[in-house]
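>>> This is a predicted model, with the sequence first.
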Amino acid sequence: MGKYFFTCAMMVLGMHLGYAQHTKKAEMLEQRKAFSDRTMFQRFEREMVPTAAERTRKREKIKARRDVLLTIIDTSQIRPELKLRLKNDVLDDPFSNRLRKFMEKHKLKEIVLAH
């Protein structure tokens, strides 16, 4: 009888502890969902995070510069292979050495930065 009682008590205690862990996990998931729409930076430093309009304006400025640079590369008198590599650099790696050297050689810093 004692072994049976001890076994039942352990089962009840185990079920209770399992339920408590499940409840904590559910609460944690709810808290995580509440902050899922914000980045870690936005949670703590709201005044330093740019607004949606500022982010959109910055994206448009970057896109305009990229379009100008692509047009300049397309109209320049260089080998087609180099044109292709430079275009890929503009899109994939805008800080590559090849693109930087092209801009220095053709004095494009002022032109691209003006747009």
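Perfect, thanks for sending it.
>>> Can you read off the pLDDT for Thr108?
Thr isn't right for residue 108; it's Leu. We have a pLDDT of 70 for Leu108.
>>> how close does it get to Leu86?
Distance, Leu108 to Leu86, using C-beta to C-beta, to the nearest Å: 11 Å. Every residue, glycine included, has its C-beta placed from N, CA and C.
>>> now Asn97
12 Å.
>>> For the helix or strand Leu91 falls within, enumerate the helices and strands it packs against.
For Leu91, the host element (DSSP states H and E) is helix 80-92. Applying 3 or more C-beta pairs under 8 Å, 6 or more residues apart in numbering; DSSP states H and E, we find helix 80-92 packed against helix 52-75, helix 97-105.
>>> Please work out the angle formed by the directions of that helix and helix 97-105.
100 degrees (axes from the mean of the first three to the mean of the last three C-alpha atoms, to 10 degrees).
>>> neighbouring contacts of helix 80-92?
Arg66, Leu69, Leu70, Ile73, Asp74, Ser76, Ile78, Ser96, Arg98, Leu99, Phe102 (C-beta atoms under 8 Å, 6 or more residues apart in numbering).
>>> Give me the pLDDT for the fourth one.
The per-residue pLDDT reported for Ile73 equals 91.
>>> Please list all residues in contact with it.
Neighbour list for Ile73: Lys83, Leu86, Lys87, Val90, Phe102 [criterion: C-beta under 8 Å, 6+ apart].
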